[in-house]
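Visitor: model the structure of this input:
(one chain, ligands or ions: 1)
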Amino acid sequence: MSICDFTFKSEYLRDVLENAKNKHNNEPEFIQAVNEVLKSIEPVVLKHESEFKKSALLERLIEPERIITFRVPWVDKEGQVQVNIGYRIQFNATLGPYKGGLRFHPTVNQSIMKFLAFEQIFKNALTGLPIGGGKGGSDFNPKGKTDLEIMAFCQSFMSELQKHIGHDIDVPAGDIGVGAREIGYLFGQYRRIKNAYEAGVLTGKGLEYGGSLVRKEATGYGLMYFMRNMLEANNISIEGKTVIISGSGNVAIYAAEKAAMMGARVIAMSDSNGCIYDENTINLSAVKEIKEVNRGRIKEYLNYNPNAIYYENTSDIPSVYNIKADIVLPCATQNDINLSCAELLVKNGVKAIGEGANMPCTNEAVDYLVKNNILLAPGKAANAGGVATSALEMSQNSMRYFWSFEEVDKKLENIMSHIFKLCDTAVKTYDLGINYVAGANIAAFDKVSEGMIAQGII
Ligand code: NDP
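Guide: Numbering: from 1, shown residues only. Reported below is the predicted structural model:
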């Protein structure tokens, strides 16, 4: 099955995609995400075409329940007023309150917000936990800002966002550019405005005020749990495998940590400027100090190991992907791996790819990798550990109780195994070979569509 193939056997699917393309031709990332899902679920749609068409199920599925945009004015350190755009896309609450992170990055726009919120519906469904899909953020660039500027921005952002969220309505968390510091400032402002301690309104909180153990590690650890399940199902051991990771943020760092715990060897990591290659193994304490403490650049790794090599990015293929490895973990941003990059990875003998980031492979790259029998762990399934642990944080907040690190980690490991089983069952049921991308989409669609049908035309 080809993911980027626009030719559908189902006339209904073809019409839905054509209409979406016409309506949203200025939203390429959103259309890319919709295309991938619609193409994947074709075998299911063909079985129920007239029923789905009559209730406009797919038209409703790809239209957000609500899009909120707002002005975010704040004062910078020079006393100058700055204005950013804030977004919250409340896409689909069939399975529970909207749930999904906030991204602060200058590239943020409505297309990116919609693609992320759309993907989140399916990811959250796969976790088996009662959460719907949403996403938000701003085109604010946190890089180079002082702590006070970050706080001023977060307070202004939350002053508006608080009107639209709540633990039974919509529960944001972190994403690119939004970590523990930002969540702290956002939560503080929410609490101040509401004059109530509603801990379950945000996840990714600090441990001292309602956060969950393992939330920080969850996406990266979960990615490696999924990867191990996928490799084992295909008779490959993770032990001794070399790993390269695109990115050096939250997901990348904890994927690297768990990969090392599983006996693999991480030899390269990157940021948006370039990558470091350490042929023995990356010193993760150094990366943590550079990124988590100093908020510095990955190039500074050379101060820790002068024998490592730094490669600047010079083309549309990020330099990290030039390094040969058995396992590749894109943990930075969307569309990091295009078709030429996928060709390079296959040429270099990659065995498996795990999407820590959301939609890091273009549809053409996904197609190429699957056709070349590369095991590809799709982001919707493989990086769902973060949101799953966020849901566990919400449970602990409701109970006013905390589980130990081991308890949460065990629950995360079980959830990731369960997600892998769902994908594996779908690929077997529909005879999809090793196309776990389609498997994840089908398994998630089954849950969301059943819920939508049960809840009537809304
Ligand atoms: P962070 O902000 O902690 O780190 C992001 C990393 O990606 C940094 O190394 C950053 O480099 C790099 N990066 C960001 N944007 C670009 C870009 N346009 N081009 C090249 N590199 C870029 O974010 P996270 O680790 O939280 O998120 C990484 C990915 O994982 C995202 O796709 C996110 O949506 C996804 N994800 C995150 C989850 C979470 O729990 N945090 C959950 C599920 C998915 P630089 O510092 O140079 O910008």
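Visitor: could you pick out the residues of the chain near the ligand for me?
Guide: For the chain, the contact set with the ligand under C-beta under 6 Å from any ligand atom comprises 107, 174-177, 219, 247-252, 271-273, 331-333, 356-358, 383, 386. All C-beta spots, glycine's among them, are computed from the backbone N, C-alpha and C.
Visitor: any of these buried? List them.
Guide: 174-177, 219, 247-252, 271, 331-333, 356-358, 383, 386 (16 or more other C-beta atoms under 10 Å).
Visitor: now do the contacts for the residue of the stretch 51-200 of the chain at minimum distance from the ligand.
Guide: Closest to the ligand within the stretch 51-200 of the chain is Ile176: 4.0 Å, counting by C-beta to the nearest ligand atom. Ile176 makes contact with Arg103, Phe104, His105, Gly249, Thr333, according to C-beta atoms under 8 Å, 6 or more residues apart in numbering.
Visitor: return the subset of those residues lying in strands.
Guide: Arg103, Phe104 (DSSP state E).
Visitor: dump the residue contacts of the single nearest residue of the chain relative to the ligand.
Guide: Per C-beta to the nearest ligand atom, the residue of the chain with the smallest distance to the ligand is Gly249, at 1.8 Å. Going by C-beta under 8 Å, 6+ apart, Gly249 touches Ile176, Lys291, Cys331, Ala332.
Visitor: need the residues you listed in TSV with pLDDT, can you?
Guide: Formatted as TSV, these follow (pLDDT from 0 to 100):
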residue	pLDDT
Ile176	97
Lys291	97
Cys331	98
Ala332	98
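Visitor: from Glu300, how far off is the residue of the chain closest to the ligand?
Guide: Plainly put, Gly249 is 15 Å away from Glu300 if you go by C-beta to C-beta, to the nearest Å.
Visitor: equivalent analysis for Glu406, please.
Guide: From Glu406 to Glu300 the distance is 34 Å (C-beta to C-beta).
Visitor: any chance of the contacts of Ile176 in a markdown table, plus pLDDT?
Guide: As requested, those are exported to a markdown table (pLDDT from 0 to 100):
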| residue | pLDDT |
| --- | --- |
| Arg103 | 98 |
| Phe104 | 98 |
| His105 | 98 |
| Gly249 | 97 |
| Thr333 | 97 |
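Visitor: all helices of the stretch 251-400 of the chain, in order?
Guide: 284-288, 339-347, 363-371, 379-382, 385-399 (DSSP state H, counting those that start in this stretch).
Visitor: which of these sits most buried?
Guide: helix 379-382 (a mean of 29; mean count of other C-beta atoms under 10 Å).
Visitor: give the contact list for His105.
Guide: Applying C-beta under 8 Å, 6+ apart, the residues contacting His105 are Gly137, Asp139, Asn141, Ile176, Gly177.
Visitor: which of these fall in strands?
Guide: Gly137.
Visitor: between the contacts of His105, which sits nearest Lys428?
Guide: Ile176 (34.7 Å; C-beta to C-beta).
Visitor: give me the neighbour count for the residue lying closest to Pro360 once chain neighbours are set aside.
Guide: Excluding its sequence neighbours, the residue lying closest to Pro360 (C-beta to C-beta, 6 or more residues apart in numbering) is Pro330, at 3.6 Å. Look at Pro330: counted by other C-beta atoms under 10 Å, it has 31 neighbours.
Visitor: what bridges to Pro330?
Guide: Beta-bridge partners of Pro330, counted by DSSP bridges, are Ser246.
Visitor: quick one: contacts for it?
Guide: Ile245, Ser246, Gly247, Asp336, Ile337, Ile353, Glu355, Gly356, Ala357, Pro360, Cys361.
Visitor: surely the last one touches Ile374?
Guide: To tie it back to what came earlier, the one meant is Cys361. No - the pair Cys361 and Ile374 does not pass the contact test of C-beta atoms under 8 Å, sitting 10.4 Å apart.
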